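Chemist: Provide a 3D model corresponding to the input given below.
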Amino acid sequence: MQPTSTIYKKKAPLLVFLIPAFAFLGVYLFYPFIQNVINTFLNIGGLGRSADGANTPFYMNYAELLRDPKLRTALKNTLLLTLCTVVFQVGIALVLALLVDSIHRGARIFRTIYFFPIVISATALGLMFNLIFLYKGGMVNQMLFSLGKLHTETRASGRMVVDWIDWKDKDHFMTTMFLPVIWQYVGFYFVILMTGLSNISEDVFESASLDGAGGWQKVRYITLPLLRNTLCTCLVLAVTGALKVFDLPWVMFGAGMPEDRGWLTGTYMYDQTFNKANIDYGSTIAVLIVVLGVVLSNVSKALFRQTDDY
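Modeler: Numbers count the residues shown, from 1 in each chain. Now for the predicted structure:
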């Protein structure tokens, strides 16, 4: 029987087992991405059609990115969504994780409740929030009307005046779009943070209690420092995830947004590719999303660098 050290020195068997994984990545990840980059320089008339040669000039689509006002709006909205995701998704998840970790009975029930929105499809969530924000008889309008925060229309219908899902309503449409996205993934970061909290030894908290530390002091000086690496992971996932948001906003509002004020990078890319049949320009927006994801993720890692201090 060969010694264990001799077995691990042989790399050939390891490469054999890695070949299927590399083949899968090559066919379903690297090849589509490279082909998508090539498409940005071609003139493609529609889905399923071959290219009619290269663009003139070949960088035409990239120059269009700088001139497109709708794309600037999509980038602004996406960056705002990214900020809201970091502050509210991770922030709320952290608060919930700290609260659930402090109780001894019913913790499993709360874990299930908070994680539940993730297992629901985006289509179902979009339709549900459309009913919540419905102009006539929606849950939000009914609640605000019963509290006296809204007034009825002067017309005979007697309905509430706030149309939350009207893109022309500049005071509410961003809230209507961001709220379901933030709500859906709070449970995802909650589970990650709960895992990080479970890895903190109880002996540390007991020692702190013997030294006279209170609840807030334990959170500030023990829990948060020991959760640093877990929080870094959540922040990077939140930043990159916000760039890919598509399903919920599209289900709730679709295309044809009045005044083109509600685009996100994901929804605008989909609209250009499948509705406008502008395949090469849609591919260019996809490349931009990938570049933004790489840049922002590296910036996030640099700002919230993981350490081995704890």
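Chemist: so where do the helices sit in the stretch 101-250 of the chain?
Modeler: Taking DSSP state H, counting those that start in this stretch as the criterion, the stretch 101-250 of the chain carries its helices at 107-119, 122-132, 139-146, 173-198, 202-210, 215-218, 224-226, 228-243, 247-253.
Chemist: what's the angle between the fourth one and helix 228-243?
Modeler: Calculated by axes from the mean of the first three to the mean of the last three Cα atoms, to 10 degrees, helix 173-198 forms an angle of 150 degrees with helix 228-243.
Chemist: just checking, what packs against whichever strand or helix holds residue 284?
Modeler: When elements are defined using DSSP states H and E, residue 284 is found to belong to helix 279-303. For helix 279-303, the contact count by 3 or more Cβ pairs under 8 Å, 6 or more residues apart in numbering; DSSP states H and E identifies helix 31-39, strand 42-44, helix 60-67, helix 228-243, helix 265-270 as packing neighbours. Yep, even glycine has a C-beta here, placed from its N, CA and C like the rest.
Chemist: Mind doing that once more with 10 Å?
Modeler: Applying 3 or more Cβ pairs under 10 Å, 6 or more residues apart in numbering; DSSP states H and E, one finds that helix 279-303 makes contact with helix 31-39, strand 42-44, strand 51-54, helix 60-67, helix 69-84, helix 228-243, helix 265-270.
Chemist: Reformat those into a markdown table and put distance to residue 250 and mean pLDDT next to each item.
Modeler: As requested, these are arranged in a markdown table below (distance: least, Cβ to Cβ, whole Å; pLDDT from 0 to 100):
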| stretch | distance to residue 250 | mean pLDDT |
| --- | --- | --- |
| helix 31-39 | 20 | 93 |
| strand 42-44 | 23 | 89 |
| strand 51-54 | 27 | 85 |
| helix 60-67 | 21 | 92 |
| helix 69-84 | 13 | 92 |
| helix 228-243 | 15 | 88 |
| helix 265-270 | 5 | 92 |
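Chemist: Give me the pLDDT for residue 217.
Modeler: pLDDT, residue 217: 81.
Chemist: give me the number of residues near it?
Modeler: Per other Cβ atoms under 10 Å, the neighbour tally for residue 217 reads 12.
Chemist: How far away from the center of its chain is the helix holding residue 284?
Modeler: A distance of 14 Å separates the C-alpha centroid of helix 279-303 from that of its chain, computed with Cα atoms, centre = their mean, to the nearest Å.
Chemist: got the angle for that helix vs helix 31-39?
Modeler: Helix 279-303 runs at 120 degrees relative to helix 31-39, counting by the same axes, to 10 degrees.
Chemist: any idea how far the spatially closest residue to residue 292 that is not a sequence neighbour lies from residue 175?
Modeler: Closest residue to residue 292 in three dimensions, ignoring its sequence neighbours and counting by Cβ to Cβ, 6 or more residues apart in numbering: residue 243, at 5.7 Å. In this structure, residue 243 lies at 20 Å from residue 175, with Cβ to Cβ, to the nearest Å as the measure.
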